[in-house]
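S.K.: this is a predicted model, with the sequence first.
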Amino acid sequence: MYIDTHAHLTDIAFAGKVDEVIKKSQECMVEKIITSGYNLPSSEEALKLSQNYSEIVYCSIGVYPENIEEYSNEVEDKIIELSHNKEVVAVGEIGLQYTDGMPSRDKQKSIFIKQLELAHYLKLPVVLHCRDAYGDMITLLKQNKHWLTYGGTFHCFSGSKELAKEIIKLGLNVSVGGVSTFKNAVNVKEAIKDVPLEYILLETDSPYLAPHPFRGKLNSPSYIPTIAENLASLKSVPVEEVEKITTQNARRLFNI
């Protein structure tokens, strides 16, 4: 059985379809799903959904880079309150994104560090988002490694061999999703080949980034086996080994 460690079941694309999506996922050997928040309202929604599907759906809660202008002491207090529920298994997705139109880099870095500290206080792992900001991300993680006691993972990994090595040195995991199956993702595939299975998690980031050959379609946790089969091919191991080890990794990191 598999665990999809990162999905967005509260996305509007799944409105009215969550029962169907979960049923299909279980038929495809995906026994558990972690749905991610990106600000306070979505984190509250993710928790509510996970409570409705207890023991099947869990959630991560936090404030994504695009939404950090909303971050305040009140929001932080509310996240702490939400974290007391057993369905909450991580702080995330949090991180840095340096694309156009995002909040200032200094503000992003400040709130990112605050949430790393918060995760440590809550004794939870972190789910890290990074886009066009790998240098600063690694630097900040090294400078704040003392807040990473409970581990974490680089969600939707799409980086280089060098980045993967730095992530592992920090004791963090690499989350492999649909991008790893894309025909043009040569560098990502080469990087993943070098990452020990003991540091790899599986995710879909659904409804986004569906794996090949479903690229362009609505992504779903039911596609985790497709991602696993591709990973097994990249690493030249049986898919059963990928299933066993990545599931163990997810259970250990998220305590589920």
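M.R.: Received it, and whenever you're ready, just let me know what you need. Numbers count the residues shown, from 1 in each chain.

S.K.: could you look up the SS state of the closest residue to Val18 other than its chain neighbours?
M.R.: Take Val18 and drop its neighbours on the chain: the residue closest to it by CB to CB, 6 or more residues apart in numbering is Leu9, 5.8 Å away. (Glycine included, C-beta is placed from N, CA and C.) What DSSP: H, G, I helix; E, B strand; the rest coil gives for Leu9 is coil.

S.K.: contact partners of stretch 138-147?
M.R.: With contact meaning CB atoms under 8 Å, 6 or more residues apart in numbering, stretch 138-147 is reached by 96, 109, 112-113, 116-117, 119-120, 148, 163, 166-167, 170, 172.

S.K.: let me fix that, I meant to ask about stretch 68-87.
M.R.: The contact list for stretch 68-87 (CB under 8 Å, 6+ apart) reads 39-40, 43-44, 47, 50-51, 54, 57-59, 61-63, 88, 91, 103, 107-108, 111, 114, 118, 121-122, 124.

S.K.: in helices, which of the contacts of stretch 138-147 appear?
M.R.: Taking DSSP state H as the definition of helices, those contribute Lys109, Phe112, Ile113, Leu116, Glu117, Ala119, His120, Leu163, Glu166, Ile167.

S.K.: reformat the residues you listed as JSON lines; add neighbour count and pLDDT.
M.R.: Putting the ones in helices among the contacts of stretch 138-147 into JSON lines (neighbours: other CB atoms under 10 Å; pLDDT from 0 to 100) gives the following:
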{"residue": "Lys109", "neighbour count": "18", "pLDDT": "98"}
{"residue": "Phe112", "neighbour count": "26", "pLDDT": "98"}
{"residue": "Ile113", "neighbour count": "16", "pLDDT": "98"}
{"residue": "Leu116", "neighbour count": "23", "pLDDT": "98"}
{"residue": "Glu117", "neighbour count": "15", "pLDDT": "98"}
{"residue": "Ala119", "neighbour count": "27", "pLDDT": "98"}
{"residue": "His120", "neighbour count": "17", "pLDDT": "98"}
{"residue": "Leu163", "neighbour count": "20", "pLDDT": "95"}
{"residue": "Glu166", "neighbour count": "19", "pLDDT": "97"}
{"residue": "Ile167", "neighbour count": "26", "pLDDT": "97"}
